[in-house]
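1. Prediction below, plus the sequence it came from.
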Amino acid sequence: DTAVSQTPKYLVTQMGNDKSIKCEQNLGHDTMYWYKQDSKKFLKIMFSYNNKELIINETVPNRFSPKSPDKAHLNLHINSLELGDSAVYFCASSQGHHSDLYEQYFGPGTRLTVT
Amino acid sequence: KQEVTQIPAALSVPEGENLVLNCSFTDSAIYNLQWFRQDPGKGLTSLLLIQSSQREQTSGRLNASLDKSSGRSTLYIAASQPGDSATYLCAVWLVQGAQKLVFGQGTRLTINP
């Protein structure tokens, strides 16, 4: 069973296009996250949602818009793609975001290449 | 601002050796510290989570320690195997400000048969 899944796994697109990445978790978790891993392998949080509500927005350009239709899904829509958006995007989930007990479980990542 | 540093950036050892990976963080106000493994082209797998009140956690051949006051954690891997080759990331869960994990850049480990 796949705990956290993302689609697509690879995404190649041209500058200026709009694209979406989907994420689903079947762990029954309340909190979901989007992370970006750049070419230097630095992993940084972008957004987190708890029960469909935005909790964290880490100064991400407003071209990035997360959407959580229910607590099992957190999709990432990116408008007007730029070269600098090329990275691997990871979705993750955890039981909650307040306690120190909660491990995060990560999806396999989506490698986005903007040409 | 919390900064997480991992040393060394890369490590290559022969199979069977015991090894230690290091992680340091600048702000001791953390809820927990988590060690992850990342295989090329794949996501992260959680290995161990140490709560701020704990000193260490063990899972199989892995042992992670936490010294919060000095801002350090180590991941000890016993009897290394080629299958242990991966990038190992540590991350701390912040107490102050936004509830989030802050990651180090990782140590790329290669175990040579």
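-> Good, I have the coordinates.
2. Low-confidence ranges, the chain, go.
-> I went with chain A, as the question did not name one. A:1, A:97-101 (pLDDT under 70).
3. Wait, chain B was what I had in mind.
-> In chain B (pLDDT under 70), the answer is B:97-98.
4. Which single residue of it ends up nearest chain A?
-> With CB to the nearest CB, the shortest gap between chain B and chain A falls at B:Tyr31, namely 3.5 Å. C-betas here are computed from N, CA, C, even on glycine.
5. Okay, and that residue sits in which element?
-> Element membership of B:Tyr31, judged by DSSP states H and E, is strand B:30-38.
6. what packs against whichever helix or strand comes after that strand?
-> Next helix or strand after strand B:30-38 toward the C-terminus (DSSP H and E): strand B:44-51. Applying 3 or more CB pairs under 8 Å, 6 or more residues apart in numbering or on different chains; DSSP states H and E, one finds that strand B:44-51 contacts strand A:105-106, strand B:30-38, strand B:56-59, strand B:62-67, strand B:72-77.
7. can you tell which of the ones you listed is closest to B:Ile7?
-> Proximity to B:Ile7 (CB to CB) singles out strand B:72-77 among the helices and strands packed on strand B:44-51, at 10.5 Å.
8. What lies in contact with the closest one?
-> Here strand B:72-77 makes contact (CB atoms under 8 Å, 6 or more residues apart in numbering or on different chains) with B:18-25, B:33, B:35, B:47-48, B:50, B:61-67, B:84, B:88, B:90, B:109.
9. Recalculate using a threshold of 6 Å.
-> B:19-24, B:33, B:35, B:62-66, B:90 (CB atoms under 6 Å, 6 or more residues apart in numbering or on different chains).
10. For A:Thr110, give me its contacts.
-> With CB under 6 Å, 6+ apart, A:Thr110 has these contacts: A:6, A:11, A:21, A:89.
11. swap that for B:Ser12, please
-> Residues in contact with B:Ser12 (CB under 6 Å, 6+ apart) are B:Thr110.
12. Could you give the bridge partners of it?
-> On the basis of DSSP bridges, B:Ser12 is bridged to B:Thr110.
13. Over to B:Thr87?
-> Those that pair with B:Thr87 in a beta bridge, by DSSP bridges, are B:Gln38, B:Arg108.
14. what about B:Phe25, distance to B:Gln6?
-> 10 Å (CB to CB, to the nearest Å).
15. which of the two has more neighbours?
-> More crowded of B:Phe25 and B:Gln6, by other CB atoms under 10 Å in any protein chain shown: B:Phe25, with 24 against 21.
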